[in-house]
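[1] task: produce atomic coordinates for the following.
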Amino acid sequence: MSIVYHENTRTFHLYNDTISYIMMVLENDQLGQLYCGKRIRDKEDFSYLFELAERPTTSCVFDRDKIYTMASIRQEFPVYGTGDYRHPAVEILQNNGSRISEFVYESYEIFAGKPKLEGLPALYAEDESEAETLVIILRDPLTGIRAELLYSIYKTGGLLARSVRFINEGQEAVHLTRAMSLCLDLPDHEYDWIQFSGAWSRERTPRTRRLEYGVQSVDSMHGNSSHEQNPFVVLKRPTADEFQGEVFGFSFIYSGNFQIQAEVDGYAVTRMLVGIHPDCFDWKLEAGERFQTPEAVMVYSDRGLNGMSQTFHRFYQKRLARGYWRDRERPILINNWEATYFDFDEDKLVKIAAGAKNCGVELFVLDDGWFGARRDDHAGLGDWVAARELLPNGVKGVADRIEALGMKFGLWIEPEMVNRDSDLFRAHPDWALAVPGRKMTHGRYQYVLDFSRKEVVDCIYQMISAILRKAKVSYIKWDMNRCITECFSAAYPADRQGEIFHRYILGLYDLYERLTSEFPEVLFESCASGGGRFDPGMLYYAPQCWTSDDTDAVERLKIQYGTSMCYPISSMGSHVSVTPNHQVHRLTPLHTRANVAYFGTFGYELDLNKLPDVEIAEVKEQIAFMKKYRRLLQFGTFYRLESPFAGNQAAWMVVSEDQKTAIVGWYRILNTVNDRFMRVRLKGLNPDLCYSSNLSPVKAYGDELMNLGMLTTDESAGARSGDIEMLESMDFDSRIYVLTAEE
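    Just a heads-up that it's a prediction; the model follows:
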């Protein structure tokens, strides 16, 4: 690992075992991009990589010079309007109405470790030797605005973390109207663009197209990262696939409005921009004030999409998630929502929990409806006090009864929202985001609390923390069931209303930070109508997220496959639910529902007491299997093998660090008749070890299983999981192969 500055050529080179990133201070004192990609040997002079040519119809920097134009220079921190007509990384509105800036190089600093970002989630280093950070200081001489470009690189792995800190060292206030966290100008456009799009209950579907001239982008203006687009984009070479070829991944550690954009200019240069969405963003920066952008993460891999994903998984699991639960196996839970919805009382909950405990479940989660006047979704949000007619002894009473069964207790909250029919709204109607004189739109009959205001966040903190101090709550499911509309705060003047979207997210992060710090052993799971806020910002506070409200196993194959492109298996909330499924009304075998849910945190969304004895026996087998292998399933190296978007089959696997144990999930959507022979080529095994399988008497070396493949058409391999008897093949079928290396 090294960050080097070559004084004679004014060149910066950041590199480790995988990646090189090279930039240079240009003749006009702005910062230029020279190279980003596979590690190359360092040397004094890379200036020859800077190319210029006379371009007709362009504007040039120096008098009597027709070549030096910003329109054709690959830049690190571009501004608009001084010859570069592409989208900029920064735009600053000044008092005279101008939006023109000129950020020139001033100095740099290199130090060990990685700094925290004030009020924001970000990657971290547990030891200073793990990472190095470069800060390049630029200044706009006219306004006095100082821009500090932060670059952090780790000892291993093709990952670079980027952000920008603005400091107003001038005499006048300015308005930041665009403040992107990452800009990267790539020398060509020969890439496929992959975005992860969808909607409620079908989140993060990979969508691939060739990068073309002009602008391609994904974004969110929902106030949250959204079901529709995820703050993650991949550029891959057209010949790259899951296991080979060059790939870039761009991820944004932020939970609010975002934009990730690729702009291909007339000379095939690709400009990637990642940051807060500039629409509806206007941050007033008074003299002496500073503004920190959220962190953007770029990953380079020359080992295909799986290589990129494994880098994201490793860092997001170990250097983004934090605290007590980061490295711990997650408890197997049961959630009462799909079992009861709002129709429950304390005795009914305890009965469901007792049946689950008999099967081996470790955690009972009480979902929506336990508080205030919450008997349906019209009332109660904001009043975080137990409804005594349902819970006569409060949250503490039901938690104590669950604990007496030998289980842990968890609780659902939606602290960012309020109903009109609530004591909180009646006392503080101005605490909801709303525009004076305009109609308030609702979502699910609820409104968004103004988390840009400290007194609002303080109030919610006091209510939730009071519950956690008094009751034995081991888990919190933090939901968020509507996006932000009418984003206006009664607490801020007109010239600061463009700050409210971002201030809301800062307030959200502040509440998370306070609760997770005070209650470090509580497992927080984030949720936003399922996967509407499944983003890296949330993983900093809650190490797992409810992946989607769609619990159908066949749909979850697609959702979890797409999610795994960026996010680790330990972050995916995945449960076995009832059939017919409540979202798609599909009848899916119990073994397949479990075989999909194993590759995540694992739990149940049903009343186990209603299952027949034969299925109860199967559930007990499932839970025993998960307990035996969950460390491997949640923290092993994950490989995607066959895509559910490509055909009738899907497959993935996890491999232990010592390569002695692997678990393969194989899934067939619809049954086939008289079909061809099939095999799956495995990955990540030791070629010199011989593996036996739970489903076949045949033993094979790792090289055979990876190069020739593992047979999946052997009729004797009809078992569903470790110890379940063979069943006939059917629609929505699946198998779990456990491979163990022979001594």
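[2] residues near Pro331, how many?
    20 (other Cβ atoms under 10 Å). All C-beta spots, glycine's among them, are computed from the backbone N, C-alpha and C.
[3] pLDDT value on it, please?
    At Pro331, the model reports a pLDDT of 98.
[4] what's the answer for the one 5 residues further on, then?
    The score at Asn336 is 96. That number is its pLDDT.
[5] Trp546 and Phe524 touch, don't they?
    No. Taking Cβ atoms under 8 Å as the definition, Trp546 is not a contact partner of Phe524, at 11.4 Å.
[6] where in the stretch 1-150 of the chain is pLDDT low?
    Residues of the stretch 1-150 of the chain meeting the criterion pLDDT under 70: 1.
[7] can you give me the strands in it?
    2-6, 11-15, 19-25, 31-38, 90-93, 104-112, 131-139, 145-154 (DSSP state E, counting those that start in this stretch).
[8] strand partners (parallel or antiparallel) of the longest one?
    This points to strand 145-154. Sheet pairing of strand 145-154 (DSSP bridges) gives strand 131-139 (antiparallel), strand 159-168 (antiparallel).
[9] make sure Arg514 is indeed in a helix.
    Yes. Arg514: assigned to a helix according to DSSP: H, G, I helix; E, B strand; the rest coil.
[10] just checking, it touches Ile460?
    No. Arg514 is not in contact with Ile460 according to Cβ under 8 Å; the separation is 10.1 Å.
[11] low-confidence stretches in the protein?
    Residue ranges of the chain with pLDDT under 70: 1, 714-728.
[12] CA atoms of stretch 78-96 as CSV?
    Extracted in CSV, the C-alpha atoms of stretch 78-96 (Å, rounded to 0.1, in the frame of the first residue of the first chain):
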residue,chain,number,x,y,z
PRO,A,78,-14.3,19.8,-13.0
VAL,A,79,-16.4,23.0,-13.0
TYR,A,80,-18.8,24.2,-15.6
GLY,A,81,-18.4,27.3,-17.8
THR,A,82,-14.6,27.7,-18.3
GLY,A,83,-14.3,25.7,-21.4
ASP,A,84,-15.7,22.4,-20.1
TYR,A,85,-19.3,22.0,-21.1
ARG,A,86,-19.8,18.6,-19.5
HIS,A,87,-21.6,18.1,-16.2
PRO,A,88,-19.4,19.4,-13.4
ALA,A,89,-18.5,18.0,-10.0
VAL,A,90,-19.2,21.3,-8.2
GLU,A,91,-21.3,24.4,-8.8
ILE,A,92,-21.3,27.4,-6.4
LEU,A,93,-23.8,30.2,-6.7
GLN,A,94,-22.2,33.5,-5.6
ASN,A,95,-23.7,36.8,-4.5
ASN,A,96,-23.2,38.4,-7.9
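[13] tell me which residues in that stretch are buried?
    Of the residues in stretch 78-96, 78-80, 82-84, 86-92, 94 count as buried by neighbour count, 16 or more other Cβ atoms under 10 Å.
[14] adding distance to Ala199, write these out as JSON lines.
    JSON lines is the format used below for the buried residues of stretch 78-96 (distance: Cβ to Cβ, whole Å):
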{"residue": "Pro78", "distance to Ala199": "34"}
{"residue": "Val79", "distance to Ala199": "36"}
{"residue": "Tyr80", "distance to Ala199": "34"}
{"residue": "Thr82", "distance to Ala199": "41"}
{"residue": "Gly83", "distance to Ala199": "41"}
{"residue": "Asp84", "distance to Ala199": "36"}
{"residue": "Arg86", "distance to Ala199": "31"}
{"residue": "His87", "distance to Ala199": "27"}
{"residue": "Pro88", "distance to Ala199": "32"}
{"residue": "Ala89", "distance to Ala199": "31"}
{"residue": "Val90", "distance to Ala199": "33"}
{"residue": "Glu91", "distance to Ala199": "32"}
{"residue": "Ile92", "distance to Ala199": "36"}
{"residue": "Gln94", "distance to Ala199": "41"}
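[15] farthest-separated two in these?
    Arg86 and Gln94 (21.2 Å; Cβ to Cβ).
[16] the more surrounded of Trp546 and Phe524?
    Each of Trp546 and Phe524 has its neighbours counted (other Cβ under 10 Å); Trp546 has more, 26 against 21.
[17] output the longest strand anywhere in the chain as CSV, restricted to C-alpha atoms.
    The longest strand of the chain (DSSP state E) is strand 174-186. Below are the C-alpha coordinates for strand 174-186, written out as CSV (Å, rounded to 0.1, in the frame of the first residue of the first chain):
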residue,chain,number,x,y,z
VAL,A,174,-22.3,31.2,-1.1
HIS,A,175,-24.7,28.5,-2.1
LEU,A,176,-23.5,25.0,-3.0
THR,A,177,-25.9,23.9,-5.6
ARG,A,178,-23.9,20.8,-6.8
ALA,A,179,-21.4,18.9,-4.6
MET,A,180,-20.6,15.5,-6.1
SER,A,181,-18.5,13.1,-4.0
LEU,A,182,-16.7,11.4,-6.9
CYS,A,183,-15.7,12.3,-10.4
LEU,A,184,-13.8,9.9,-12.7
ASP,A,185,-13.0,10.6,-16.3
LEU,A,186,-12.3,7.3,-18.1
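[18] what is it packed up against?
    strand 31-38, strand 90-93, strand 159-168, strand 270-276, strand 283-285, strand 295-301 (3 or more Cβ pairs under 8 Å, 6 or more residues apart in numbering; DSSP states H and E).
[19] make a markdown table out of these and add distance to Asp241.
    Formatted as a markdown table, the helices and strands packed on strand 174-186 follow (distance: least, Cβ to Cβ, whole Å):
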| stretch | distance to Asp241 |
| --- | --- |
| strand 31-38 | 17 |
| strand 90-93 | 36 |
| strand 159-168 | 21 |
| strand 270-276 | 21 |
| strand 283-285 | 42 |
| strand 295-301 | 12 |
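[20] which stretch among the ones you listed comes nearest Pro520?
    That would be strand 295-301 among those, by Cβ to Cβ, at 22.9 Å.
[21] that closest one vs strand 174-186, what angle?
    Strand 295-301 and strand 174-186 are oriented at 0 degrees to each other (axes from the mean of the first three to the mean of the last three Cα atoms, to 10 degrees).
[22] same for the next helix or strand along the chain from strand 295-301, what does it pack against?
    Next along the chain after strand 295-301, taking DSSP states H and E as the criterion, comes helix 304-318. Contacts defined by 3+ Cβ pairs under 8 Å, 6+ apart place helix 304-318 against strand 229-236, strand 247-253, strand 295-301, strand 637-642.
[23] format those strands as a markdown table; extra columns: mean neighbour count and distance to Asp400.
    Output for the helices and strands packed on helix 304-318, formatted as a markdown table (neighbours: other Cβ atoms under 10 Å; distance: least, Cβ to Cβ, whole Å):
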| stretch | mean neighbour count | distance to Asp400 |
| --- | --- | --- |
| strand 229-236 | 26 | 40 |
| strand 247-253 | 26 | 38 |
| strand 295-301 | 26 | 42 |
| strand 637-642 | 21 | 39 |
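[24] Val164 is nearest to which of these?
    Taking those one by one with Cβ to Cβ, strand 295-301 is closest: 9.5 Å.
[25] which residues does the closest one contact?
    18-19, 36-38, 117, 120-123, 157-163, 181-182, 184, 246-254, 274-275, 307-308, 311-312, 315, 536 (Cβ atoms under 8 Å, 6 or more residues apart in numbering).
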